[in-house]
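Q: how would this look folded up:
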Amino acid sequence: MEENQEVIEQQEEVTEVQETVSKEEYDLLVTELEELKSKLPQEKSESELAIEAKEKELFKKEVNLTLKESGLEQFAEIIKVSDADELNTTVDVLKKIVNEIKVSTGYVPTEHAKQDAYNTAKSKGDTKGMIKSLFGLN
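A: Residues are numbered from 1 along each chain as shown. Sure, this is the predicted structure:
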């Protein structure tokens, strides 16, 4: 009985090997296979990966240099940009913000009052104007 089963399995293998496919079906399968292969993502070679790493490093250095030239090197760690245009707009915005902070925290004298009428008349040498300002006749 086991011998019969082995013979049957061998005959099935032989039949599978002898199965033929028409030329048209074969061509269709080959073109479909080529289309599917072309849709697969291409694996990058080591040299391409090395070039990409160098490009990223070069752009990072460009970002640091641009920030240093603009006096914004303190922001180097938080700036995340992907291209030169984005870098330029970010630098412009940061410059504007830093300038506004400088203006708002700058020195504003409080004791420097407006020149009153008496001092204005005195600087012109106008004695009548000085007297009028003392008595409030202006």
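
Q: helix/strand/coil for K102?
A: Put simply, K102 is helix when judged by DSSP: H, G, I helix; E, B strand; the rest coil.

Q: quick one: contacts for the residue most central in space within the chain?
A: Residue closest to the average C-alpha location in the chain (C-alpha atoms, centre = their mean): V81, at 1.9 Å. Going by C-beta atoms under 8 Å, 6 or more residues apart in numbering, V81 touches 63, 87, 90. Where C-beta positions appear, they are placed from N, C-alpha and C, glycine not excepted.

Q: Same list (these) but as JSON lines, adding pLDDT, neighbour count and secondary structure.
A: As requested, the contacts of V81 are exported to JSON lines (pLDDT from 0 to 100; neighbours: other C-beta atoms under 10 Å; DSSP: H, G, I helix; E, B strand; the rest coil):
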{"residue": "V63", "pLDDT": "91", "neighbour count": "20", "secondary structure": "helix"}
{"residue": "L87", "pLDDT": "91", "neighbour count": "17", "secondary structure": "helix"}
{"residue": "T90", "pLDDT": "93", "neighbour count": "18", "secondary structure": "helix"}
